[in-house]
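one predicted model, sequence on top.
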Amino acid sequence: LWEASVRATHDFVTEADLDVFRPLVREAIAGIPQLAGLRDGDGYLIGFVGVAEGNVEMLFLDPAYRGQGGGTLLLDHACKEFAATAVDVNEQNPQAVGFYEHYGFTLVGRSERDSTNKPYPILHYRL
């Protein structure tokens, strides 16, 4: 699910990047204290959100379900149930930038590199 979502929204990420990120994401999910999933009518997982210390660390949605409100449901849950008030977004992912800004997040900072020191600028948002 994570990889399908990334491939649909992060066209700047290379195959080599995915090879690096895959084990990091597996490890990160295990350490997320607040994690929630979204399932379709047949019970299949179609999205998930993870929050740590008030920061949305991950929100991924099956590409087939994008634009149908699932991302908003997950973010609503993160904000209301997990008290999320911050999120970091890849600057090169304009769909995510627009999603969080439309939700009401405000840009408060920018980093030139991501957490793995790759040259993917990160935008820092707060509610």
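In hand now; what should we look at?

buried ones in the helix or strand Pro23 falls within, by neighbour count?
Using DSSP states H and E, Pro23 maps to helix 15-31. Residues 17, 21, 28 are the ones in helix 15-31 that count as buried (16 or more other C-beta atoms under 10 Å). Just so you know, the C-beta spots here come from the backbone N, C-alpha and C atoms, and that holds for glycine as well.

what pLDDT is listed against Pro23?
We have a pLDDT of 89 for Pro23.

rewinding a little: who are the packing partners of the helix holding Pro23?
helix 2-9, strand 45-52, strand 55-61 (3 or more C-beta pairs under 8 Å, 6 or more residues apart in numbering; DSSP states H and E).

contacts for it?
Here helix 15-31 makes contact (C-beta atoms under 8 Å, 6 or more residues apart in numbering) with 2-3, 6, 13, 35, 50, 52, 57-58, 116, 118.

change it to 7 Å
2-3, 50, 57, 116, 118 (C-beta atoms under 7 Å, 6 or more residues apart in numbering).

what angle do that helix and helix 2-9 make?
Here helix 15-31 points in a direction 130 degrees away from that of helix 2-9 (axes from the mean of the first three to the mean of the last three C-alpha atoms, to 10 degrees).

and after helix 15-31, which helix or strand comes next?
strand 34-39.

just the C-alpha atoms of that next one, please, in PDB.
Output in PDB follows, covering the C-alpha atoms of strand 34-39 (Å, rounded to 0.1, in the frame of the first residue of the first chain):
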ATOM      1  CA  GLN A  34      -0.700   6.000  17.000                       C
ATOM      2  CA  LEU A  35      -1.600   4.200  13.900                       C
ATOM      3  CA  ALA A  36      -5.000   3.900  12.200                       C
ATOM      4  CA  GLY A  37      -6.200   2.200   9.000                       C
ATOM      5  CA  LEU A  38      -9.000   2.700   6.600                       C
ATOM      6  CA  ARG A  39     -10.800  -0.300   5.000                       C
END
